[in-house]
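**Student:** Model the structure of this input:
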Amino acid sequence: MAFAAICGPAWSEAPRGSDFAAAMAAIEAGDAATAVALFGDLAAAGDPAAQLNLAVLTARGEGVPQNDAAAAYWAWRARLGGLAAAVSASDHLTGRLGPEARAALARRLRDDLSAIAETGSAWAFLGMARVELALAERPDPARAYAAAALAAALDVRGAAALRDALAVDLTQAARSAAQAEAAALFAGWCARTTRAPASCAAGTATPAG
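**Tutor:** Numbers count the residues shown, from 1 in each chain. This is a model prediction of the structure:
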């Protein structure tokens, strides 16, 4: 399916502030360069709708030279930020990448998610699980389970369902090891994050062993 059929004239137009509106107006006026600049600032600040629109422009080569790797990155950032419209776009754009570019994308997203998690944003751990399953050269369901389990413990929407789905295919030994990894991840995160939840101080963050 052509990329234009996925994202194409259906730009993400979720209500946003004046910069988002100005970027949409620039698109309508045929000024892709201005749209890229405005969406770029919003995308860097974490706006999923701007990230998807930046991915569309980059994939088309409008306002910036066409770059499949950069387009896939921004589509994935939008997807990990919870924008449902970005799922098909990120899958399509990932399919354009060779093995090395795909591995580089996975590394870049993991680095981003690690930095986001350090600020106390627990949803980043669900993102780590999804990146592991979708982009790793050899996906590790146990590693994804550990990340999803941590996110589920912190009430991230969708994390418990993914954790439980992954658990079905793990052996008892693999599940126990993954749970130990989740406990270690939680303890380390509690020690580093700038916004620790109450459970970090409750003594539950230290894994037994």
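**Student:** CA only for contacts and neighbour counts going forward, please
**Tutor:** Will do.
**Student:** what are the ranges of the helices in the chain?
**Tutor:** Here the chain has its helices, by DSSP state H, at 3-6, 18-28, 32-44, 48-60, 68-80, 86-94, 99-118, 123-135, 141-153, 159-168, 172-192.
**Student:** Run through the neighbouring helices and strands of the longest one.
**Tutor:** Looking back up the chat, that one is helix 172-192. helix 99-118, helix 141-153 (3 or more C-alpha pairs under 8 Å, 6 or more residues apart in numbering; DSSP states H and E).
**Student:** angle of it against helix 159-168?
**Tutor:** 150 degrees (axes from the mean of the first three to the mean of the last three C-alpha atoms, to 10 degrees).
**Student:** Please name the nearest non-neighbouring residue to the residue positioned nearest the centre of the chain.
**Tutor:** Nearest to the mean C-alpha position of the chain, by C-alpha atoms, centre = their mean, lies residue 80 at 2.6 Å. Among residues not flanking residue 80 along the chain, residue 127 sits closest, at 5.6 Å (C-alpha to C-alpha, 6 or more residues apart in numbering).
**Student:** Can you tell me how far the one you found is from residue 109?
**Tutor:** Going from residue 127 to residue 109 by C-alpha to C-alpha, to the nearest Å gives 9 Å.
**Student:** Mind checking which of the two has more residues around it?
**Tutor:** Relative neighbour count places residue 127 above the other of residue 127 and residue 109, with 27 against 21, counting by other C-alpha atoms under 10 Å.
**Student:** just checking, the more buried one touches residue 113?
**Tutor:** Yes: in this structure residue 127 lies within contact range of residue 113 using C-alpha atoms under 8 Å: 7.0 Å.
**Student:** residues contacting residue 129?
**Tutor:** Shown in contact with residue 129 (C-alpha atoms under 8 Å, 6 or more residues apart in numbering): 143, 144, 145, 146, 147, 148.
**Student:** picking that back up, with residue 65 as the reference, measure out to the residue nearest to residue 80.
**Tutor:** 28 Å.
**Student:** How many residues are close by residue 119?
**Tutor:** Count around residue 119 with other C-alpha under 10 Å applied: 15.
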